[in-house]
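Participant: Just a sequence and a predicted model for now, questions to come.
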Amino acid sequence: MRHPSRRLLLTLVLAGLSCAASAQQSGKPLTLVVPFAPGGGSDTSARLLSQALASRLGQTVVIENKPGAAGVIGADQVARAPADGNTILLGNIGTQSINPILYKKLPYDAKTAFAPVSLVAELPQVLLVHPGVQAKDVAGLIALLKAQPGKLSYSTSGPGGSMHLAGEMFKSATQTDIQHVAYRGGGPAIVDLLSGHVQITFATVLESLGHIKAGKLRALAVTGDKRVPALPDVPTVAETVPGFKSISWVGVLAPAKTPQATIDRLAAAIRDTVAQPDIAQRLNEQGAVARTTTPRQFAALIESDYTTYAQLIAEKGIKAE
């Protein structure tokens, strides 16, 4: 689950940056670097927004996909870009809080190379089981796992990804034994859950909502601290395992030393846009949760998640491939 939906992310960010880019009035293209591969073609709503943005501002908006190395290649491009607010990064929990733990030789210092602008959305994960699994809720799954230690397996996008970390957090919190099966990407991890080759996974609501509604997978719980509008009848893991929380998120960052006035304009534009009812509705329908922050709050979130996952990765001896 390292590659969130381009439809959601690009739509929100492009809309959110319209006011900020207008304020800059630099005449230069505004480049949004997405450090992952496109999600299968250009998204219609993103294209419409980009065209409207260009028309209104007289400024070209360039979406640049720079995939590779779990987001490191794209992030490095932004880290090296001029600090003028015209090149920004669509980062996530992986690029900002997890990669600095897993990869000891990044081409940049993740803690100093970027200026956090704003969170855009939280992406809660959902604990999924194959319909053949007897458990109907989290308590039932825990009982089943304790009765059959090491017999069930969970799929992930690979070592150190958010799916993997959520699974390991669940194992620690419930003192259960589940076999980890790593795949090269979240797609194959879900495919093998659908086929019954594995029994459990943790995936974003965005990735799994269609399968849940079709009855192909059973959602036992979401991993945030609140239920999500897209799955109102699905409880949180924390309702059974107090204190449990494991979510992904996406947000905007600029190169370090970008002027504070530019950062503040970008943050205000994103905040105002995500607060719009139609944007919030799109987020809710797709299983995300709209949430913006001040630059300082976003920096604190990145650091908090770094601390949480550094401890978990050390305890479990998790290493990148």
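Facilitator: Thanks, I have the structure now.

Participant: Does the nearest residue to G85 once chain neighbours are set aside belong to a helix, a strand or coil?
Facilitator: Using Cβ to Cβ, 6 or more residues apart in numbering and skipping residues adjacent in sequence, the residue nearest G85 is T262, 3.8 Å away. Where you see a C-beta, it was placed from the backbone N, CA and C, and this is true even at glycine. Using DSSP: H, G, I helix; E, B strand; the rest coil, the secondary structure recorded for T262 is helix.

Participant: what's around T262, how many residues?
Facilitator: Applying the criterion other Cβ atoms under 10 Å, we find 21 residues in the vicinity of T262.

Participant: Check Q199 too.
Facilitator: For Q199, the number of neighbouring residues by other Cβ under 10 Å comes to 23.

Participant: Over to G215?
Facilitator: Using other Cβ under 10 Å: G215 sits among 8 other residues.

Participant: ditto for L152
Facilitator: When counting by other Cβ under 10 Å, one arrives at 20 neighbours for L152.

Participant: Hmm, V181 and it touching each other?
Facilitator: No. Contact criterion Cβ atoms under 8 Å: L152 and V181 do not qualify, at 10.5 Å.

Participant: State the distance from E321 to A182.
Facilitator: E321 sits 8 Å away from A182 when distances are taken as Cβ to Cβ, to the nearest Å.

Participant: Which of the two has more residues huddled nearby?
Facilitator: It is A182, of E321 and A182, that has more neighbours when counted by other Cβ under 10 Å, with 16 against 9.

Participant: helix, strand or coil for the nearest residue to the more buried one once chain neighbours are set aside?
Facilitator: Ranked by Cβ to Cβ, 6+ apart and with sequence neighbours excluded, the top spatial neighbour of A182 is G158, at 5.1 Å. Under the three-state scheme (three-state DSSP), G158 adopts coil.

Participant: Spit out the contact partners of G158.
Facilitator: 2, 164, 182-185, 321 (Cβ atoms under 8 Å, 6 or more residues apart in numbering).

Participant: In strands, which of these appear?
Facilitator: Taking DSSP state E, the ones among those that sit in strands are A182.

Participant: Take the contacts of G158 and keep only those in helices.
Facilitator: H164 (DSSP state H).

Participant: Which of the contacts of G158 sits closest to K216?
Facilitator: Distances from the contacts of G158 to K216 were compared by Cβ to Cβ; the smallest belongs to Y183, at 17.8 Å.

Participant: and the residue lying closest to S155 once chain neighbours are set aside, what element?
Facilitator: Spatial nearest neighbour of S155, chain neighbours left out: A189 (3.8 Å); criterion: Cβ to Cβ, 6+ apart. With the criterion set as DSSP states H and E, the secondary-structure element containing A189 is helix 186-195.

Participant: any shared contact partners between E321 and A182?
Facilitator: Common contact partners of E321 and A182 (Cβ under 8 Å, 6+ apart): 158-159.

Participant: Toward the C-terminus, what is the element adjacent to the helix or strand of the chain with the lowest mean pLDDT?
Facilitator: When the helices and strands of the chain are compared on mean pLDDT, DSSP states H and E, helix 44-57 comes out lowest with a mean of 39. As assigned by DSSP H and E, the chain's next helix or strand after helix 44-57 is strand 61-65.

Participant: name the helices or strands packed onto that next one?
Facilitator: If contacts are counted by 3 or more Cβ pairs under 8 Å, 6 or more residues apart in numbering; DSSP states H and E, strand 61-65 sits against helix 6-24, strand 30-34, helix 44-57, helix 72-79.
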